[in-house]
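In: quick one, fold the following:
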Amino acid sequence: MHFLDFEKPVAELESKIEELRHLSDADGMNIAEEVGRLQQKVEKQLRAVYAKLTPWQKTQVARHPERPHCLDYIKALFTDVTPLAGDRLYGEDQAIVGGLARFRGQAVVVMGQEKGHDTDTRLRHNFGMAMPEGYRKAQRLMDLADRFRLPVLTLVDTAGAYPGVGAEERGQAEAIARTIQAGLNLRVPMITCVIGEGGSGGAIAIATGNVVMMLEHAIYSVISPEGCASILWRSGEMAQQAAEALRLTAQDLLEFKVIDEVIPEPLGGAHRDRHAMFEQLGAAFEGHLRELTPVEGGVLRARRREKFLRMGREGLN
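Out: The predicted structure is shown next:
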């Protein structure tokens, strides 16, 4: 397992447990009692560490290389998945993945940003940073959902939209704006969860939900801490201070009413117990779907628009 810098005490205990297990395998020793004692220490240490995470430490957890990504949640929570590709204008962008699926028996449209887990998949998915064609694909999926009255479930996990020259030439800003517009115009339920990193317009493009949730250790901000530090202090080394100033944690954003719910993660983060995390998010999606599905389309759209307008009004007061 990959351990973060602030998890060193836990890493030492886990290392001792592994050594004992190897000794047990080699010599036939019964070390169950000692392993159990050390595992209790690991749990106690994890509780102590994760009870007081700083915003910068939460940023590290949100970017943990073993954290489950969009395709992991789709595989765990959805059946009969039919991926849809291309924007019908330029090409296919694999940073945004999505298509038709069934969620606990109900037909839905699901989409999200996929970062990838290793070098090959990260390059294929462009580290979750979508091009304009990715956002136009998202618009196509939203239009399809609206036409066939299918709820839209989105999973947000991106550092931001791709800022390259080619993306700008093909209308990156316009594509993001049109996708936000498409989300706000939907007459079907739209439920969003930030599962890792929610960065800038690249995230909000598919996060205009009737309900916006965040995992406990996810982050959501107008800019990354590194980007903020490079602008304000001309140094990426000030990222920790920037993370504090940005108020990018799920707990801060719930207080500001930017999001509606924080989904608890397993002790030590989503990567430590994927199955429990999948179950937790699945239950949240199911509950909100049950609540929103009977609501008339015009009411859903009006509530969604009012929700985001209210953020602006209250934020200015």
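In: low-confidence stretches in the chain?
Out: Regions of the chain meeting the criterion pLDDT under 70 cover residues 17-35, 315-317.
In: so what's the most centrally placed residue in the chain up against?
Out: By Cα atoms, centre = their mean, the chain has its centre lying nearest to Ile195, at 2.1 Å. When contacts are counted by Cβ atoms under 8 Å, 6 or more residues apart in numbering, Ile195 touches 68-70, 73, 112, 155-157, 215, 218, 270, 281. Quick note: C-beta positions are derived from backbone N, CA and C, even for glycine.
In: confirm it sits in a helix?
Out: No. Under DSSP: H, G, I helix; E, B strand; the rest coil, Ile195 falls outside any helix and is assigned strand.
In: distance check, it against Leu71.
Out: If you measure Ile195 against Leu71 using Cβ to Cβ, to the nearest Å, the figure is 11 Å.
In: same check on Lys137?
Out: From Lys137 to Leu71 the distance is 15 Å (Cβ to Cβ).
In: these two: which is more packed in?
Out: Lys137 (31 against 19; other Cβ atoms under 10 Å).
In: wait, that one sits on Leu89?
Out: No. Judged on Cβ atoms under 8 Å, Lys137 makes no contact with Leu89 at a distance of 9.3 Å.
In: and the strands in the stretch 201-317 of the chain?
Out: Remark: strands assigned in the stretch 201-317 of the chain by DSSP state E, counting those that start in this stretch are 211-215, 219-221, 261-263.
In: okay, now the domains of the chain?
Out: 5-52, 59-316 (automatic domain parsing).
In: most tightly packed of these?
Out: domain 59-316 (a mean of 19; mean count of other Cβ atoms under 10 Å).
In: which residues in the chain form helices?
Out: 8-27, 32-50, 55-62, 70-77, 119-124, 132-147, 165-169, 172-185, 200-204, 225-232, 239-246, 250-255, 274-292, 297-316 (DSSP state H).
In: just to revisit the earlier point, the contacts of Ile195 into a markdown table, with extra columns for distance to Arg303?
Out: Below are the contacts of Ile195 laid out as a markdown table (distance: Cβ to Cβ, whole Å):
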| residue | distance to Arg303 |
| --- | --- |
| Pro68 | 30 |
| His69 | 30 |
| Cys70 | 26 |
| Tyr73 | 25 |
| Gly112 | 23 |
| Leu155 | 22 |
| Val156 | 20 |
| Asp157 | 25 |
| Leu215 | 24 |
| Ala218 | 24 |
| Ala270 | 29 |
| Leu281 | 22 |
